[in-house]
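predicted model and sequence below, questions to follow.
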Amino acid sequence: DAGVTQSPTHLIKTRGQQVTLRCSPKSGHDTVSWYQQALGQGPQFIFQYYEEEERQRGNFPDRFSGHQFPNYSSELNVNALLLGDSALYLCASSLDLMNTEAFFGQGTRLTVV
Amino acid sequence: GIQVEQSPPDLILQEGANSTLRCNFSDSVNNLQWFHQNPWGQLINLFYIPSGTKQNGRLSATTVATERYSLLYISSSQTTDSGVYFCAVPNSGGGADGLTFGKGTHLIIQP
C-alpha cells in the first residue's frame, strides 16, 4: 500500500516564476491538505481539498492555488514566487472529511533564488 | 484560531534516558496527533490520540482533553529517536479541519 507520494522532491526556481507541486494521496483517501514548513518552524496549513473543491484555507495569499483531480490527486500552484516562499511543502491525506487522522508525504523542498 | 505550545523547545539526552514532551492547546479539540519529523523532512505518525493513553513499544502518549494538554513519553532513548517532535490539532478544534502544529521539540539523543 503506497503512502502519500509527492513530486518533485527538490526544486529550484527563480523569483517571479511559477511552480506546480504534485501529490498522490494514500490509497483509499479522498481528502488532501497542503502545508508550508519554513526552516525551524512547524508546518502551516495552506488549504484542503475534498471532492475537487477547496474546503478550507489558511492565511496564505491568492498566489497559492490548488486543484484536486477525480482520482483524488492534487496540485499546489504558486505564482510570482518570492524568496520567502522557499520552504518544505508537505501534502497530507486523510480518509475522508470525518476522519481527520492525517498522513504526510515526504515533501517537496522548494528553493527560490 | 487555536494555539498550540510545545515544551521544551530543545532537549539533549544520553542514550538510555527517558523523556517527556508536552503539548498544550488553547481550546477544546476532538483529536490530536503526534509526529516525528526525520532528518529528511518526513513526518512520521506516532499517535492519533483524542483522549486517554496509547502505547507503541518504547513510546506512549496521554491526552487529557479536559485540561487541554497531551504528553509524549519516550523510554530508553536511542540515537534513532533524534529529530523534531510535533503535536497537531484541528484548526477549529474538530471536524474536517486542517491542522495547527506547535513549533516542535528538537530532541537530540547522544550515544
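Good, I have the coordinates. Residues are numbered from 1 along each chain as shown, chains lettered A, B, ... in the order given.

does the host helix or strand of residue B:35 reach chain A?
Element membership of residue B:35, judged by DSSP states H and E, is strand B:33-37. Yes: residues of strand B:33-37 contacting chain A under Cβ under 8 Å from any Cβ of the partner chain: B:33, B:35. C-beta coordinates here come from the backbone N, C-alpha and C atoms, glycine included.

what's the burial count for the closest residue to residue B:80 other than its chain neighbours?
Among residues not flanking residue B:80 along the chain, residue B:109 sits closest, at 7.9 Å (Cβ to Cβ, 6 or more residues apart in numbering or on different chains). Neighbourhood size, residue B:109 [other Cβ atoms under 10 Å in any protein chain shown]: 20.

can you pull out the low-pLDDT segments for chain B?
Within chain B, the segments meeting pLDDT under 70 span B:93-96.

tell me which parts of it are close to chain A?
B:4, B:31, B:33, B:35, B:40-43, B:45, B:48, B:86, B:88, B:90-91, B:94-104.

in strands only, show me those residues.
The strands, defined by DSSP state E, take in B:4, B:33, B:35, B:43, B:45, B:48, B:86, B:88, B:90, B:99, B:100, B:101 from those.

in PyMOL, how would I select the buried members of those?
Here is the PyMOL command that picks out the buried ones among those, judged by 16 or more other Cβ atoms under 10 Å in any protein chain shown:
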select buried, chain B and resi 4+33+35+43+48+86+88+90+99+100+101
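
and which of the ones in strands among the residues of chain B next to chain A is nearest residue A:101?
Minimum distance to residue A:101 across those is 4.5 Å, recorded for residue B:48 (Cβ to Cβ).

sorry, back to before: pull out the buried residues from the one helix or strand the residue nearest to residue B:80 maps to.
Using DSSP H and E, residue B:109 maps to strand B:105-110. Burial within strand B:105-110, assessed by neighbour count using 16+ other Cβ under 10 Å, is assigned to B:105, B:106, B:107, B:109.

starting from the host helix or strand of residue A:11, tell me which strands it pairs with and how they run.
Assessed by DSSP H and E, residue A:11 sits inside strand A:10-13. Strand A:10-13 sits in its sheet next to strand A:108-112 (parallel), going by DSSP bridges.

pull out the buried positions in the strand it pairs with.
Buried residues in strand A:108-112 (16+ other Cβ under 10 Å): A:108, A:109, A:110, A:112.

how about stretch A:17-33?
Buried-residue list, stretch A:17-33, by 16+ other Cβ under 10 Å: A:19, A:21, A:22, A:23, A:24, A:25, A:26, A:29, A:30, A:31, A:32, A:33.

what's the answer for stretch A:55-64, then?
Those would be A:55, A:56, A:58, A:64, for stretch A:55-64 by 16+ other Cβ under 10 Å.

repeat for stretch A:78-90
Quick answer for stretch A:78-90 (16+ other Cβ under 10 Å): A:78, A:81, A:85, A:86, A:87, A:88, A:89, A:90.

near chain B, anything from that stretch?
Yes: Stretch A:78-90 is in contact with chain B by Cβ under 8 Å from any Cβ, via A:88, A:90.

next, the distance between the ends of that stretch.
For stretch A:78-90, the first-to-last residue distance is 14 Å (Cα to Cα, to the nearest Å).

then stretch A:63-81?
By Cα to Cα, one end of stretch A:63-81 lies 8 Å from the other end.
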